[in-house]
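> dropping a prediction and its sequence here:
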Amino acid sequence: MCWLMKTILFLCTENSARSQIAEAVVNGLFGDKYQAFSAGTNPGSVDPRAIEALEKFGLPTDNLVSKSVDTFIGRQFDYTVTLCDKAQQECLLYDFGGERMAWHFEDPKTRAVKLPFETTLKELNERFIMFKLVKEKQPSALSISPLSLFKCLADETRLLMAALISAEIELCVCELTAALELSQPKISRHLAQMRDCGLLASRREGQWVYYQINPALPDWVSVMVKNTQQQMATDIEPLNARLNAMASRPERKALCAAC
């Protein structure tokens, strides 16, 4: 199928964090099909913590500068996405053509979570993956029955692993071993079961194999896994703490949403 490059304009108030992260994620991970831009209704400067979070995940930041929404007057975009309520109201007077969407994300500068900028980056990446699945309307290559899925997740360890992998986007065996404080053989057996039922996909980077929630899952499974992860935030908090305290944690070259 021939796919024409689609353009997206991300808007927020200051164009300092959320919209900059969204622009970098889309161009860095989905640049074969989408070209992203960002602007603000009251632009300031790019928050260095946003730059740090992007660089941590191997995404380019050289071209990120804060811009006024007026910069794009007269331009046409396939999609215009506001990332905060204030920008949604202020941008009603602007017409960039295409489809308008409102994705509300908390401001990482005031967000009361650990690693707020990294968390926002991961959530924007996940939101765009869902957007991409819907807009491209490609049939899922994977069929998974509710019975096999729920049998797979009936085990507490596998449920925790699924929630943690969903939150972190991808993890390797040694990271899961540290987070759950289980032996490598046990973790590997659970991963094999989750992969066999279709819940997980994997990719190799050097000596490491990274596992992620299978991007080919049907939408109903992807949504269920994401909702489960959010409901289990308290349960996986101590796992995240052990993960963040892990010595010699493998470094990824970049996030890989489609591997």
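In hand now; what should we look at?
> burial of the residue lying closest to residue 14 once chain neighbours are set aside, as a residue count?
Here the nearest residue to residue 14 in space, its sequence neighbours aside, is residue 44; by CB to CB, 6 or more residues apart in numbering that works out to 4.3 Å. (Each C-beta comes from the backbone N, C-alpha and C, glycine too.) Neighbour count for residue 44, taken as other CB atoms under 10 Å: 12.
> wait, residue 44 sits on residue 16?
Yes - at 5.0 Å, residue 44 counts as touching residue 16 under the criterion of CB atoms under 8 Å.
> quickly list what's touching both of the two.
Common contact partners of residue 44 and residue 16 (CB atoms under 8 Å, 6 or more residues apart in numbering): residue 66.
> for the residue nearest to residue 14, grab phi and psi.
For residue 44, the backbone dihedrals (degrees, to the nearest 10) come out as phi -120, psi -110.
> quick one: it and residue 119, what's the gap?
Distance of residue 44 to residue 119, given as CB to CB, to the nearest Å: 21 Å.
> got it, and residue 132?
Counting by CB to CB, the gap from residue 132 to residue 119 is 20 Å.
> starting at the chain centroid, how far to the one helix or strand residue 39 maps to?
Counting by DSSP states H and E, the secondary-structure element that holds residue 39 is strand 34-40. The gap between the average C-alpha position of strand 34-40 and the chain average comes to 17 Å, counting by CA atoms, centre = their mean, to the nearest Å.
> CA atoms only for that strand, dumped as CSV, please.
Taking C-alpha atoms only, strand 34-40 is exported to CSV below (Å, rounded to 0.1, in the frame of the first residue of the first chain):
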residue,chain,number,x,y,z
TYR,A,34,4.8,11.2,9.6
GLN,A,35,6.4,14.6,9.9
ALA,A,36,5.7,16.5,13.1
PHE,A,37,5.9,20.2,14.0
SER,A,38,5.2,22.0,17.3
ALA,A,39,4.3,25.5,18.5
GLY,A,40,2.9,27.4,21.4
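> after it, next one along is what?
helix 48-56.
> and that next one, what does it pack onto?
Packed against helix 48-56, as judged by 3 or more CB pairs under 8 Å, 6 or more residues apart in numbering; DSSP states H and E, are the following elements: helix 18-29, helix 116-136.
> contact partners of that helix?
Contacts to helix 48-56, defined as CB under 8 Å, 6+ apart, come from residues 16-17, 20-21, 24-25, 28, 60-61, 64, 108-109, 115, 117-118, 120-121.
> can you measure across stretch 195-212, start residue to end residue?
The stretch stretch 195-212 measures 10 Å between its terminal residues, going by CA to CA, to the nearest Å.
> can you list contacts of that stretch?
Outside of stretch 195-212, the residues that reach it under the criterion CB under 8 Å, 6+ apart are 142-144, 148-149, 151-153, 162, 165, 169-174, 176, 191, 194, 213-217, 221, 225, 250, 252-253, 256, 259.
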